[in-house]
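Student: What shape does this take:
(one chain, ligands or ions: 2)
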Amino acid sequence: MSVKARRRMTAQMDRAARVCARQGAQLTPLRRHVLGLILEVGAPLTAYQLLDRLKLTHKGAAPPTIYRALDFLMEQHLVHKIERLNAFVPCVEAGHRHPAQFLICCQCGVVSEIENRAAANALEHAAEQEGFRPRNTVVEIEGVCAACFRPS
Ligand SMILES: [Zn+2]
Ligand SMILES: [Zn+2]
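Tutor: Ligands and ions are numbered 1, 2, ... in the order given. This next block holds a predicted model:
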């Protein structure tokens, strides 16, 4: 990891700590460490992949350790769970609940988060037309990312 990337990561974690403090919650060293693991990799990780990495520094870590940390990070809107992959990614807009769309590349596995308010509004509107009250509009889109796409 480059110095620049490491510095950016530290800034993201400091920002996360402030987000938590604002909510009266505490980003404990363990929670901060788990967030760091998610930020560091830049690809979606499952809870067990995270646990394996956590065990390198926290020998006694067990599944509940990682699940509790992940629950906390999701509650604070610092990470998202990609249901389709059963894996976790950092939130680009860390700190508040927001409608999100995820672009999942089937070839390289990269997930990028976009926040298209118009798309989210359109979906919410469509739901409301059915008399449905949407609470959380998250869309996962599978396909091929720009880097992997080769026009024939
Ligand atoms: Zn997000
Ligand atoms: Zn790709």
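Student: so His96 makes contact with Glu75?
Tutor: No - using Cβ atoms under 8 Å, His96 makes no contact with Glu75, being 11.9 Å away. In this view, the C-beta of every residue, glycine as well, is placed from N, C-alpha and C.
Student: Counting neighbours, go ahead and name the busier of the two.
Tutor: Glu75 (13 against 10; other Cβ atoms under 10 Å).
Student: quick one: that one from Arg117, how far?
Tutor: 23 Å (Cβ to Cβ, to the nearest Å).
Student: so what's His77 up against?
Tutor: Neighbour list for His77: Val19, Cys91, Glu93, Ala94, Gly95, His96, Arg97, His98 [criterion: Cβ atoms under 8 Å, 6 or more residues apart in numbering].
Student: Let me have those residues in TSV, extended by distance to ligand 1.
Tutor: Formatted as TSV, these follow (distance: Cβ to the ion, whole Å):
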residue	distance to ligand 1
Val19	12
Cys91	3
Glu93	5
Ala94	7
Gly95	9
His96	9
Arg97	9
His98	6
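Student: taking those one by one, which sit in helices?
Tutor: Val19 (DSSP state H).
Student: So how do I select the buried members of the contacts of His77 in PyMOL?
Tutor: To isolate the buried members of those in PyMOL, using 16 or more other Cβ atoms under 10 Å:
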select buried, resi 19+91+94+95+98
